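1. predicted coordinates and the sequence they were generated for:
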Amino acid sequence: MNFLQKTSDGCRKAIFAMILVSSFAVAANAQRDCKTYGCAGFVGEPINLKVVNADIRDILNYITEQYGINFVIDNSVKQVPVTVNVNEVPWNVALDSVLQSQDLSVQVNGPILRVAEAKKLNEEYEVARKNNEGKLDNSPLYTEFIRLNYANAGGSQQTGFTTGTSGGGAGGGADQGILGVVKKRISRRGAVEVDSRSNTLIVTDVRENIDAIRQLVFLLDQPEPQVEIEARIVIASRNFSRDLGIQLSGMVLGKNGRAAGGGTLPYPQQQQGTGGSGGSGGNQSSNPLPIPINQDPNNNLASQIANTVIGLTTGVFGTAQINLLLTAGEQKGQAKIVATPRVTTLNKQKAQIESGTQIPVVTTQNSGNNSGGVVFTTTFVSVPLRLEVIPQVTDAGTVVLDVVAENSSINSAVAVGGTPAINTQRMQTKVTVPDGGTTVVGGALLDSESDDTFRTPGLSRIPLLGNLFKRKAVGRTTNEILFFITPRIQSQAKPDTQRPTTILQPVPLGNPQSNSTKEEPTTSVQPNPVQMPVKPVESNPKP
């Protein structure tokens with residue numbers, strides 16, 4: 001028990017409990033733990049420690065022997081008795097708890113941990129901060145020109161057009177550029193400007209901060225991936241109709257010019273070409289038969305899509321005559337419309353493509369004077385095929401799409417004042433799609449069914465015979481629209497594993513004022529601009 005032998009005489013007289021160590025790390029793991037102590041999320045080897053009134057310096061020596069941790073104990077650490085009883089606790093957590101209970105703290109200097117009073121370390125930090133501020137006030141200023149290749153130095157306005165009937169588009173805003181990022185990281189003596197013509201940042205600051213800003217700009221000035229987005233708008237229409245109609249007419253002639261007749265067929269002269277197929281006709285003088293009928297049937301019992309007609313005329317007893325006309329038809333149709341807009345853009349940059357027609361709409365209004373004149377105003381309304389999208393490429397190889405797709409067409413069958421109606425199909429959504437994958441981002445289905453029966457009251461209810469006085473029409477119409485989207489990443493910057501992800505801020509932030517470590521007095525030392533050296537132009541130096 002080396003630990004018990006190294007304890008002081010007073011501590012050896014105290015009551016000690018057993019010290020159990022659950023596991024020991026190998027030399028490589030111990031070295032790794034030494035380097036990572038103090039980092040967020042670090043977890044050391046578990047330790048079981050039970051001591052009573054032990055010197056804290058002896059506990060530190062024990063941790064050094066078991067885990068290879070290098071400690072330097074400051075002279076401010078006094079000999080104090082410590083009682084510890086922990087089970088299966090990471091040694092760094094137990095160490096932090098012990099030091100905190102004695103108002104001690106740890107300063108990490110590479111592989112060495114310096115243990116001192118927390119008050120002393122705070123005083124040293126304040127002295128170092130004041131020295132750094134004094135050094136900042138007395139250090140010469142340098143001006144460096146950092147030319148950007150891919151990023152915008154001062155930002156750029158988002159250009160584009162917004163037309164159509166959607167009334168909205170994919171979200172997005174103007175590019176803010178790197179200027180806003182750099183402005184917040186210069187010292188109180190620093191300044192930054194932009195030369196938009198050459199896309200160059202002009203940074204003036206102390207040498208330490210310029211190095212940090214150059215490294216930050218190098219991390220940000222990287223090429224963005226380029227994405228091709230293809231949308232497919234599929235409109236499918238299907239219709240089916242079946243119509244079956246039966247028409248009858250009968251006539252009986254008697255003596256002295258008497259006659260009786262009726263039916264669902266038009267007048268005989270209309271069948272012979274002297275009149276329409278339905279018509280109102282109905283003038284007794286135009287009827288060659290002495291039948292007092294002044295109204296033709298409206299042909300409702302005839303098939304409206306007749307492509308087959310069967311007629312029958314027969315005579316029965318005496319002077320009676322019966323006419324029968326069978327009309328039947330069936331119609332089936334299918335249509336498919338596919339629109340495929342495609343556009344290519346950079347990551348997180350809005351792109352829009354549009355193709356269509358503009359309809360002129362003329363409106364009239366009074367000229368506003370007493371002459372009673374009329375002013376005609378022509379406004380053009382777009383009927384576009386449009387795709388608007390903002391892609392965002394993720395590290396997982398997927399693409400987040402903020403997309404608007406619209407397919408409008410002119411409906412000439414419906415018009416008001418000579419202006420046709422507009423059929424519109426549009427979709428707006430935000431979706432995640434794999435690279436090269438296709439997904440349905442929207443769709444709508446309209447299904448319409450109809451079953452109509454036209455019949456003669458009373459007679460149509462007679463069993464079997466009633467079918468001669470009926471017409472039955474069946475129809476079904478289906479309209480379906482689907483929106484497909486397919487993104488393809490054409491080029492993507494390869495991550496540079498040599499680039500660091502953490503940058504040290506060497507000087508206190510000074511712009512804006514709220515970012516400073518403390519509010520600077522109005523009588524601060526002003527730098528001498530004559531002593532400012534200028535460094536030649538450097539294009540994207542390596543950090």
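-> Good, I have the coordinates.
2. the strands in the stretch 1-150 of the chain, which residues?
-> Here the stretch 1-150 of the chain has its strands, by DSSP state E, counting those that start in this stretch, at 46-55, 70-73, 81-90, 104-109, 112-117, 141-147.
3. mean neighbour count, distance to residue 471 and mean pLDDT for the ones you listed - can I get that in a markdown table?
-> For the C-beta atoms, the positions are set from N, CA and C on the backbone; glycine is no exception. Conversion of those to a markdown table gives the following (neighbours: other Cβ atoms under 10 Å; distance: least, Cβ to Cβ, whole Å; pLDDT from 0 to 100):
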| stretch | mean neighbour count | distance to residue 471 | mean pLDDT |
| --- | --- | --- | --- |
| strand 46-55 | 19 | 90 | 84 |
| strand 70-73 | 14 | 102 | 85 |
| strand 81-90 | 14 | 89 | 86 |
| strand 104-109 | 16 | 95 | 84 |
| strand 112-117 | 18 | 99 | 86 |
| strand 141-147 | 19 | 83 | 92 |
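4. would you list those in CSV and tack on distance to residue 327?
-> As requested, those are arranged in CSV below (distance: least, Cβ to Cβ, whole Å):
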stretch, distance to residue 327
strand 46-55, 94
strand 70-73, 105
strand 81-90, 92
strand 104-109, 98
strand 112-117, 102
strand 141-147, 83
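5. export stretch 124-143 to CSV, keeping only CA atoms.
-> Coordinates of each C-alpha in stretch 124-143 appear next as CSV, following Å, rounded to 0.1, in the frame of the first residue of the first chain:
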residue,chain,number,x,y,z
GLU,A,124,-4.1,35.6,-11.9
TYR,A,125,-6.8,35.6,-14.6
GLU,A,126,-7.7,39.3,-13.9
VAL,A,127,-4.0,40.3,-14.0
ALA,A,128,-3.6,38.4,-17.3
ARG,A,129,-6.7,40.0,-18.7
LYS,A,130,-5.5,43.5,-17.8
ASN,A,131,-2.1,42.8,-19.3
ASN,A,132,-3.8,41.6,-22.5
GLU,A,133,-5.9,44.7,-22.7
GLY,A,134,-2.8,46.9,-22.2
LYS,A,135,-1.0,44.9,-24.9
LEU,A,136,-4.0,45.4,-27.2
ASP,A,137,-3.9,49.1,-26.7
ASN,A,138,-0.1,49.3,-27.4
SER,A,139,0.1,46.7,-30.2
PRO,A,140,0.5,48.0,-33.8
LEU,A,141,-2.5,47.7,-36.2
TYR,A,142,-2.2,45.8,-39.4
THR,A,143,-4.4,45.9,-42.5
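6. what's opposite residue 352 in the beta bridge?
-> Beta bridges link residue 352 to residue 388 when assigned by DSSP bridges.
7. over to residue 356?
-> Under DSSP bridges, the beta-bridge partners of residue 356 are residue 384.
8. tell me the spacing between it and residue 398.
-> As for residue 356, its distance to residue 398 is 31 Å (criterion: Cβ to Cβ, to the nearest Å).
9. go on, residue 221?
-> Residue 221 sits 25 Å away from residue 398 when distances are taken as Cβ to Cβ.
10. which one's more surrounded, the two?
-> Each of residue 221 and residue 398 has its neighbours counted (other Cβ atoms under 10 Å); residue 221 has more, 19 against 16.
11. please verify my assumption that the more buried one contacts residue 153.
-> No: with contact defined as Cβ atoms under 8 Å, residue 221 does not reach residue 153; the gap is 9.4 Å.
12. give me the common contacts of these two.
-> residue 178 (Cβ atoms under 8 Å, 6 or more residues apart in numbering).
13. excluding chain neighbours, what is closest to residue 311?
-> Leaving aside its sequence neighbours, residue 311 sits nearest to residue 325 (Cβ to Cβ, 6 or more residues apart in numbering; 5.0 Å).
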